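*Asks:* this is a predicted model, with the sequence first.
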Amino acid sequence: MLSPADIEALLLTFKVAIISTALMMLFGTPLAWWLARTHSAWKGLINAVVALPLVLPPTVLGFYLLVLMGPAGVIGEFTNWLGIGTLPFTFEGLVIASVLYSMPFVVQPLQAAFTTIGELPLEAAATLRAGPLDTFFSVVVPLAKPGFLTAAILGFTHTVGEFGVVLMIGGNIPGKTRVVSVQIYNHVEALQYSEAHLLAGVLLVFSFAVLLVLYTVLKTQPVAHQLK
Amino acid sequence: MTNPIIARFQLDYGAFQLAVDLSLPGSGITVLFGHSGSGKTTLLRCIAGLQQAQQGFLEINGTNWQDSEHDVFLPTHKRALGYVFQEANLFPHLTVAGNLQFGLKRIAKQSNTADVQHILELLGIDHLLKRKPDCLSGGERQRVAIARALALNPEVLLMDEPLASLDFKRKQEILPFISRLHRDLNIPVLYVTHSQQEVAQLADHLVVLEGGRALASGPLSETLSRLDVPLAQDREAATVWPVTIVEHEVDYHLTRVTFAGGTLSLPTVDAVIGTPLRVQIYARDVSIALEVPTATSILNVLPATITGLADDHGGGLSVVRLQVGGLALLAHITRKSALLLNLQIGMAVYVQIKGTSILN
């Protein structure tokens, strides 16, 4: 059976994933909306920055975050000045790193969905007295619903599966930063293969079930298409 | 609403410039006619506020919607307009009823809404309310789009080639609705099209656009017969006369109609005496004689005065503009005939009208 430490790691993982997904949807939606509609010269640069975690080794991203958020880093100095200390090896730091790491999985499906909607329904809404914000919630959100679902599910599952970034920025603190992927690593390190099997199995079944729902029930396009 | 619509716009996209200064009637159907690239849709979008002209002034029914000199630009959603897009553009996630209510829910409670039931009956869509747009035919979708725009009781209805994506049969199904609209609801309509047939069938007032400029703007018959507008030289050039039925000659299957200054015989029209009609007379169906033709099979021979002469730039045709009673008429005759008859402006002649078509 799962040990209390395993259950603790599982609960922490889902806590990080839920909070991170909520934050990614909150910040990713306006970012994706802007990217889908802007003609700004900055668009290419922002697109590249958002997509960077897709290609960067997680340890590289985690390393830079560690440096930036550490006591000598720009962010670290700022958080110290605010009186909240430094973020590495804290739950909050882990959430921030997760948000940055999984952001492309939220922004890109949303951006694709918004681009597909195009200009016409927005213009129709405007001629029917709906202001921009009203139009977003009454026309864009319902039309982009598959995009929102895909973004939330991919963002969530990707956060659940992160390892490299956590190790760099969060370490291995039980109840605080020790997520499932790290716990599995600990089991393997300690040659506790049956425990590792159990936990790995939980993650495998979970991830597969979520993707199955995504591609069969919701009939979403595979990720590769979303990311193009 | 009787206040004129004042629309002045200047817009520069580099390759395309729009520069118009128009005063349009505050009632009836005004058709903005032009070929693609003439700026007719851009003009309509500027009126809707969907595009913002750098320099612009727009006043509708006494309300200022744009005045760039005083930094006034009312966003589209604050303009009391109805807009019908080329491809219906219904919300796919809502039913027909949901589409109709979308705007209704958002207009201020105190403003007088249109009689929605009346509009549904007028457009024949009251049985479609529960359907989703993808379960409608093209013609039905376009009728729902018109109803959706009208339900808000707008101060002006803007229509951007609403029939362009429909086949001939569907067009004929919707045209009568549109010409009935402004009579029944008294909302001024600005209607964009590149179809001369739609101009003839719908327009009360005609604006001809070319290269972002308005070549002409005026009442339909007057504008159609202007020799300085390329329409008069077109193979399909025609004038449209408003007439009224006065008599049915049952034995001959003919109907007699009057117009300002005379009468015409038409093939029998199935409508009661007193019914107003639009009669289209193609310039190629009009011939000219210097004296009353005594022995002719043509029934419609009318006295007329020549008010203009032009040639068709390289073809063998002369375009003659004539005044018949209170109405203008165009005739396409060969240049040779014009020379042989020595036609001059001011001459009194007779026109023979070989054929007419009734538009409603």
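*Replies:* Sure, I can see it.

*Asks:* tell me the centre residue of chain B?
*Replies:* For chain B, the residue nearest the mean C-alpha position is B:A203 (2.1 Å; C-alpha atoms, centre = their mean).

*Asks:* surely that residue meets B:T30?
*Replies:* Yes - if you go by C-beta atoms under 8 Å, B:A203 and B:T30 touch, sitting 7.1 Å apart. Any C-beta I mention is one placed from the backbone N, CA and C, and that applies to glycine too.

*Asks:* which strand or helix spans B:L11?
*Replies:* Using DSSP states H and E, B:L11 falls within strand B:5-12.

*Asks:* contact partners of that strand?
*Replies:* Contact with strand B:5-12 is made by B:17-26, B:30, B:42-43, B:46-47, B:51, B:53-61, B:156, B:188, B:190, B:212, as judged by C-beta atoms under 8 Å, 6 or more residues apart in numbering or on different chains.

*Asks:* kindly recompute the last result at 7 Å.
*Replies:* The contact list for strand B:5-12 (C-beta atoms under 7 Å, 6 or more residues apart in numbering or on different chains) reads B:17-24, B:26, B:42-43, B:46-47, B:53-60, B:156, B:188.

*Asks:* which positions in it come out as buried?
*Replies:* For strand B:5-12, a neighbour-count test (16 or more other C-beta atoms under 10 Å in any protein chain shown) marks B:I5, B:A7, B:R8, B:F9, B:Q10, B:L11 as buried.

*Asks:* got TSV for those, with distance to A:G155 and pLDDT too?
*Replies:* Shown next, in TSV, are those (distance: C-beta to C-beta, whole Å; pLDDT from 0 to 100):
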residue	distance to A:G155	pLDDT
B:I5	50	94
B:A7	48	95
B:R8	50	95
B:F9	46	96
B:Q10	47	93
B:L11	42	92
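
*Asks:* which parts of chain A are strands?
*Replies:* Counting by DSSP state E, chain A has no strands to list.

*Asks:* which bits of it sit near chain B?
*Replies:* Residues of chain A lying close to chain B by C-beta under 7 Å from any C-beta of the partner chain are A:120-121, A:123-124, A:126-131, A:139, A:142-143.

*Asks:* centroid-nearest residue for chain A?
*Replies:* The centre of chain A sits closest to A:S102, judged by C-alpha atoms, centre = their mean, with a distance of 3.1 Å.

*Asks:* if we can go back for a sec, just the residues of chain A next to chain B: which are in helices?
*Replies:* Counting by DSSP state H, these place A:L120, A:P121, A:E123, A:A124, A:A126, A:T127, A:P142, A:L143 in helices.

*Asks:* which two among those are spaced furthest apart?
*Replies:* Taking C-beta to C-beta as the measure, those reach their widest spread between A:T127 and A:P142, a distance of 18.2 Å.

*Asks:* which parts of chain B sit against chain A?
*Replies:* So chain B meets chain A at B:48, B:50, B:76-77, B:81, B:83, B:85, B:89, B:91, B:93, B:102-103, B:106-107 (C-beta under 7 Å from any C-beta).

*Asks:* show me where pLDDT drops low in chain A?
*Replies:* Applying pLDDT under 70 to chain A flags residues A:219-228.

*Asks:* and the pLDDT at B:V272?
*Replies:* If you check B:V272, the pLDDT there is 89.

*Asks:* which residues touch it?
*Replies:* Per C-beta under 7 Å, 6+ apart, neighbours of B:V272: none.

*Asks:* separation between it and A:G201?
*Replies:* 85 Å (C-beta to C-beta, to the nearest Å).

*Asks:* which of the residues of chain A next to chain B has the largest number of neighbours?
*Replies:* A:L128 (30 neighbours; other C-beta atoms under 10 Å in any protein chain shown).

*Asks:* shouldn't that residue be in contact with B:L104?
*Replies:* No - assessed by C-beta atoms under 7 Å, A:L128 is found out of contact with B:L104, at 8.8 Å.

*Asks:* thinking again about what came up before, now, which of the ones in helices among the residues of chain A next to chain B sits nearest B:G325?
*Replies:* Using C-beta to C-beta, A:T127 is the member of those that sits closest to B:G325, with 42.6 Å.

*Asks:* if I look at the residue nearest to that closest one when sequence neighbours are not counted, how far off is B:A97?
*Replies:* Spatial nearest neighbour of A:T127, chain neighbours left out: B:Y83 (3.7 Å); criterion: C-beta to C-beta, 6 or more residues apart in numbering or on different chains. In this view, B:Y83 and B:A97 are 20 Å apart by C-beta to C-beta.

*Asks:* okay, those two: which has more neighbours?
*Replies:* Between B:Y83 and B:A97, counting by other C-beta under 10 Å, B:Y83 is the more crowded of the two (28 against 14).

*Asks:* which residues does that one bridge with?
*Replies:* Beta-bridge pairing of B:Y83 under DSSP bridges involves B:L158.

*Asks:* what is the neighbour count of B:N61?
*Replies:* A total of 15 residues lie near B:N61 under the criterion other C-beta under 10 Å.

*Asks:* from memory it sits against B:T2, does it?
*Replies:* No - using C-beta under 7 Å, B:N61 is not in contact with B:T2; the gap is 8.7 Å.

*Asks:* who touches both of the two?
*Replies:* Common neighbours of B:N61 and B:T2, using C-beta under 7 Å, 6+ apart, are B:G26.

*Asks:* let me know the average pLDDT across stretch B:310-321.
*Replies:* The pLDDT scores in stretch B:310-321 average 84.

*Asks:* quick one: contacts of that stretch?
*Replies:* With C-beta under 7 Å, 6+ apart, stretch B:310-321 has contacts from B:225, B:227, B:232-233, B:283, B:288, B:306-309, B:328, B:330-335, B:338, B:343.
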